[in-house]
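Novice: Predicted model and sequence follow; I will ask about them next.
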Amino acid sequence: MNPRLNTGVVGLPLPHESARGHVSGRAAYCDDIPEPVGTLHAALGLSPVAHGRLLGIDLERLRALPGVVEVFTAADIPGPNDCGPIVHDDPILADGTLRYLGQPVFAVVATSRDAARRAAAQAKAVLRIEPLPAQLDLRAAHAAADWVVPPMHLSRATHPGGVDAAMAEAPHRLSGRWTLGGQEQFYLEGQISFALPQDDGGLLVHCSTQHPSEMQALIGHALQLPSHAVQVSCRRMGGGFGGKESQSALFACVAALAARRLQRPVKLRVDRDDDFLITGRRHGFEFDWTVGFDDAGRVLALEVTLLGDAGHSADLSPPVMTRALCHIDNACWLPNVALHGYLPRTNRQSNTAFRGFGGPQGALITELILDHIARHRALDLLAVHQANWYGTDDHNVTPYGQLVEDNVIAPLVDELTGSAEYAKRRAEVALFNAASPVLKKGLALSPVKFGISFNVNHYNQAGALVHVYLDGSVLVNHGGTEMGQGLNTKVAQVVAHELGLPIGRVRCSATDTSKVANTSATAASTGADLNGQAAQDAARRIRGRLAALQAAEWGVAAEAIAFADGQVQAPDGRTVAFDALVQRAYVARVQLWSEGFYATPGLHWDRATLTGKPFYYFAYGAAVSEVLLDTLTGEWRLLRADLLHDVGRSLNPALDIGQVEGAFVQGMGWLTSEELVWHPQSGALLTHAPSTYKIPTANDVPDALHTRLFENANVADSIHRSKAVGEPPLLLAFSVWLALRDAVAAAGAPGCQPPLLAPATPEALLRAIDAVRD
Ligand code: MTE
Ligand code: HPA
Ligand code: MOS
């Protein structure tokens with residue numbers, strides 16, 4: 001590109017394309033779409049038992065209720081009654097067996113949302129049920145060998161005698177058992193679908209979803225319609241966080257079924273409590289672990305059994321467990337590992353994707369184990385980490401066989417320990433604790449290494465469609481969805497950069513299955529990586545055609561022509577405005593729109609052995625957190641957090657810092673305040689609203705939050721050498737939980753191992769404090 005011109009659109013800290021709309025309330029979400037006359041509203045009748053046989057439904061009683069137009073059950077679904085993304089074991093409406101308390105059994109369609117909800121609330125009165133014993137205990141389900149998919153085993157040994165020999169020969173060994181809770185996505189916009197019958201028996205479905213193409217396919221499947229008759233559109237979501245990767249499907253299918261049968265527009269918007277009761281969330285895990293290590297705290301052998309609470313069906317649990325297994329190493333080279341992943345079936349909501357997709361659960365158990373090693377050896381946790389980092393020339397192959405080619409964890413952590421004054425503050429915390437019997441401080445550093453790509457190879461593809469109009473404005477459509485993360489802003493930046501336009505000339509429109517076909521979910525943090533490359537491909541094709549036209553006119557090489565600042569320029573300085581060239585190209589009958597495509601190169605994965613190269617590259621980060629804990633009440637505060645995160649060469653540092661901080665706070669909520677409680681007998685989720693389920697608020701963000709992006713360029717040929725940012729920084733919150741464990745340990749004898757669970761609620765903290773004080 002001509003050095004005299006520099007667009008600089010990529011890399012600028014531009015605001016989110018909808019920022020003003022978000023704060024002013026003008027950004028339109030699914031529920032803001034004007035309702036045509038005749039729109040009906042659906043509500044779901046839910047199972048009142050965790051397990052039972054459905055003997056009958058008193059439909060006449062429901063139909064007689066005020067405002068009710070029709071009631072649908074599983075029997076009304078013309079195709080398979082299934083909305084499962086992988087294994088086809090997810091009924092849209094319960095059929096015969098009730099699998100969890102909250103499972104949708106019937107859909108009431110009424111003239112108002114209120115009437116529909118009032119009728120649906122009669123579920124208990126109209127359902128005839130024979131209750132069955134419910135499985136509500138993850139370990140018991142595991143003992144009964146009732147898993148949603150077969151067990152997964154991942155092992156690697158560098159010791160000639162195998163993992164067992166390495167374990168047996170290790171100078172020290174520790175074992176433990178640990179419980180880690182799940183987490184509700186708590187997207188601010190709940191699940192919603194609005195289906196409108198179209199010409200020729202087709203359907204247009206506005207759906208708050210991360211996966212419009214899958215919604216299209218599942219609706220088509222259930223209604224026995226070809227995909228070309230089903231159009232799914234999503235302008236934006238008010239958050240998804242994984243909860244709308246697969247689980248928007250039930251709502252999309254029910255709204256579509258009702259709209260098709262009644263030939264009226266039907267909207268289904270569930271309220272927060274029902275959303276909690278119907279949909280799944282992050283998997284809670286149980287772990288059993290044994291580690292063998294040397295005097296320096298180097299891990300010689302690690303064996304972990306992971307039980308992930310799948311709930312009643314498989315949903316995305318298999319790839320979630322795969323990712324958990326592939327993230328056990330985190331930033332640590334593990335020479336000998338044996339990992340066993342199980343997904344027991346329980347009579348609960350079916351758990352699903354949530355920011356990190358099993359990665360956080362896998363990585364956290366290793367961080368906990370390293371903390372055990374550090375306390376056992378009276379070493380600082382940081383020193384134990386340093387003894388275990390992946391190497392750059394050796395010690396650089398993951399347990400699943402991928403070469404780590406971009407390792408920056410050691411320099412990144414060195415930079416962070418410097419800027420966060422880790423050593424000095426460690427000494428200060430010790431001094432404070434020595435003088436303070438009730439209030440205790442804790443300090444911890446935790447690292448992140450996070451593999452980027454879908455761990456199902458073929459999902460790593462994307463398409464885009466770019467239109468250049470005659471006024472020189474550009475409309476971009478790509479397969480990704482906007483959920484607040486800023487994907488449309490980043491993709492618009494990429495296209496503006498290619499065409500040398502100011503950002504205001506480029507706009508991304510709603511994601512729509514009629515524009516780009518067969519898209520993947522916007523997930524695995526790959527939105528900008530995949531769709532950015534596809535949009536770049538499309539824009540380059542158009543630029544190439546424009547450059548060829550102008551080059552012929554000027555008698556220069558097409559490659560020598562620069563596009564910048566809304567101008568097109570030859571090396572000798574001759575310049576033409578972009579829109580003038582576009583108009584000439586139109587008259588010359590040059591195609592001014594293009595499709596683009598991208599498939600991540602070099603990935604391979606063997607599902608049988610769990611080996612291969614599942615990730616295009618890794619993103620790194622580290623955090624230092626300091627907490628103050630009241631050992632009498634279990635209350636605590638985060639005093640300071642220092643985050644240093646690797647986003648490669650940032651496409652947009654403002655959005656990236658927002659993602660890093662948002663993920664950190666969301667991770668902190670998971671590990672400290674967000675507790676899920678199911679009634680031990682009935683299986684009812686008791687924490688199904690913000691009154692009982694506590695997500696962090698602005699008040700929980702520490703005054704001293706120091707967030708920086710690590711100077712780095714992606715070694716892999718990613719879009720402008722950037723790195724994915726959506727999920728990896730969630731793991732930075734490990735430092736908060738570890739700092740709390742550190743503060744609890746300060747209340748006990750040196751070398752104690754606080755039996756702290758996660759979430760570390762005040763109650764859990766008090767239990768751990770009591771245990772170490774005994
Ligand atoms: N940020 C906001 N504001 N809202 C969201 O729903 N989802 C997260 C992350 N950041 C989310 C978010 C999750 S789970 C993923 S996988 C990525 O964004 C998806 O978007 P990306 O691939 O474009 O980063
Ligand atoms: N992340 C999110 N969704 C997925 C993945 C993943 O790694 N694999 C399959 N679906
Ligand atoms: Mo994110 S959990 O991959 O939607």
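Specialist: It's in. Ligands and ions are numbered 1, 2, ... in the order given.
Novice: can you pull out the helices in the stretch 301-450 of the chain?
Specialist: Under the criterion DSSP state H, counting those that start in this stretch, the stretch 301-450 of the chain contains helices at 317-326, 359-377, 381-388, 409-419, 422-435.
Novice: right, is the second one up against ligand 3?
Specialist: In this case it means helix 359-377. No: Helix 359-377 stays clear of ligand 3 (Cβ under 6 Å from any ligand atom), getting no nearer than 9.0 Å. From N, CA and C alone the C-beta is placed, and that goes for glycine too.
Novice: For the residue of the chain found nearest ligand 3, which residues are in contact?
Specialist: Relative to ligand 3, the nearest point of the chain is G242 (2.8 Å; Cβ to the nearest ligand atom). G242 is in contact with 185, 210, 282, 352-355, 357, 523, counting by Cβ atoms under 8 Å, 6 or more residues apart in numbering.
Novice: Which two among the residues you listed are spaced furthest apart?
Specialist: Q210 and R282 (15.2 Å; Cβ to Cβ).
Novice: ok, back up a step: show me which of the helices of the stretch 301-450 of the chain has the highest average neighbour count.
Specialist: Greatest average neighbour count among those goes to helix 317-326 (a mean of 26), per mean count of other Cβ atoms under 10 Å.
Novice: That helix near ligand 2 anywhere?
Specialist: Yes: contact of helix 317-326 with ligand 2 (Cβ under 6 Å from any ligand atom) involves 319, 323.
Novice: tell me the angle of that helix relative to helix 359-377?
Specialist: Comparing the axes of helix 317-326 and helix 359-377 via axes from the mean of the first three to the mean of the last three Cα atoms, to 10 degrees yields an angle of 30 degrees.
Novice: what helices or strands is helix 317-326 leaning on?
Specialist: Identification of packing neighbours for helix 317-326 by 3 or more Cβ pairs under 8 Å, 6 or more residues apart in numbering; DSSP states H and E yields strand 152-157, strand 299-308, strand 336-342, helix 359-377.
Novice: Flag every residue of this protein that's near ligand 3.
Specialist: Going by Cβ under 6 Å from any ligand atom, the residues of the chain near ligand 3 are 210, 242, 245, 353-355, 357, 523-524, 727.
Novice: Mind putting these into TSV with pLDDT?
Specialist: Listed next are those as TSV, based on pLDDT from 0 to 100:
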residue	pLDDT
Q210	98
G242	98
E245	98
A353	98
F354	99
R355	98
F357	98
A523	98
A524	98
E727	99
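Novice: Of these - the most surrounded one?
Specialist: Within those, most neighbours by other Cβ atoms under 10 Å means A353, with 33 neighbours.
Novice: Skipping its backbone neighbours, what lies nearest that residue in space?
Specialist: Of all residues not flanking A353 in the chain, G242 sits nearest, at 3.2 Å (Cβ to Cβ, 6 or more residues apart in numbering).
Novice: okay, now A552: neighbour count?
Specialist: A552: 11 neighbours (other Cβ under 10 Å).
Novice: how about the residue sitting furthest away from the middle of the chain, phi and psi?
Specialist: For the chain, the residue at maximal distance from the C-alpha centroid (Cα atoms, centre = their mean) is G555, at 50.7 Å. Note on G555: backbone dihedrals following degrees, to the nearest 10 are phi 70, psi 40.
Novice: cool, and Y617?
Specialist: phi -170, psi 180.
Novice: Ok, G472 next?
Specialist: The phi/psi pair for G472 (degrees, to the nearest 10) is phi 80, psi 10.
Novice: Show the pLDDT at it.
Specialist: Listed pLDDT for G472 reads 98.
Novice: Give the closest residue to it in space, chain neighbours not counted.
Specialist: Leaving aside its chain neighbours, G472 sits nearest to D579 (3.0 Å; criterion: Cβ to Cβ, 6+ apart).
Novice: same question, A560
Specialist: P571 is the one closest to A560 (Cβ to Cβ, 6+ apart), at 5.0 Å.
Novice: got a pLDDT number for that neighbour?
Specialist: Among the per-residue scores, P571 holds a pLDDT of 96.
Novice: What count of nearby residues applies to it?
Specialist: The number of residues near P571, taken as other Cβ under 10 Å, comes to 13.
Novice: where does it land in three-state SS?
Specialist: coil (DSSP: H, G, I helix; E, B strand; the rest coil).
Novice: A110 - how many residues pack around it?
Specialist: Counted with other Cβ under 10 Å, A110 comes out at 24.
Novice: now swap in the one 5 residues further on and tell me
Specialist: A115 is surrounded by 20 other residues when neighbours are defined as other Cβ under 10 Å.
Novice: Check whether it really touches V68, as I assumed.
Specialist: Yes: if you go by Cβ atoms under 8 Å, A115 and V68 touch, sitting 6.6 Å apart.
Novice: ok, P13 - how many residues close by?
Specialist: For P13, using other Cβ under 10 Å, the count is 12.
Novice: Quick check: it touching L651?
Specialist: No: between P13 and L651 there is no contact under Cβ under 8 Å: 10.2 Å.
Novice: who's in contact with the residue nearest to G472?
Specialist: Contacts for D579 were tallied using Cβ under 8 Å, 6+ apart; they are 470-472, 566.
Novice: and those residues as TSV, adding neighbour count, secondary structure and distance to G202?
Specialist: Listed next are these as TSV, based on neighbours: other Cβ atoms under 10 Å; DSSP: H, G, I helix; E, B strand; the rest coil; distance: Cβ to Cβ, whole Å:
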residue	neighbour count	secondary structure	distance to G202
L470	12	coil	31
D471	10	coil	32
G472	17	coil	34
G566	17	coil	40
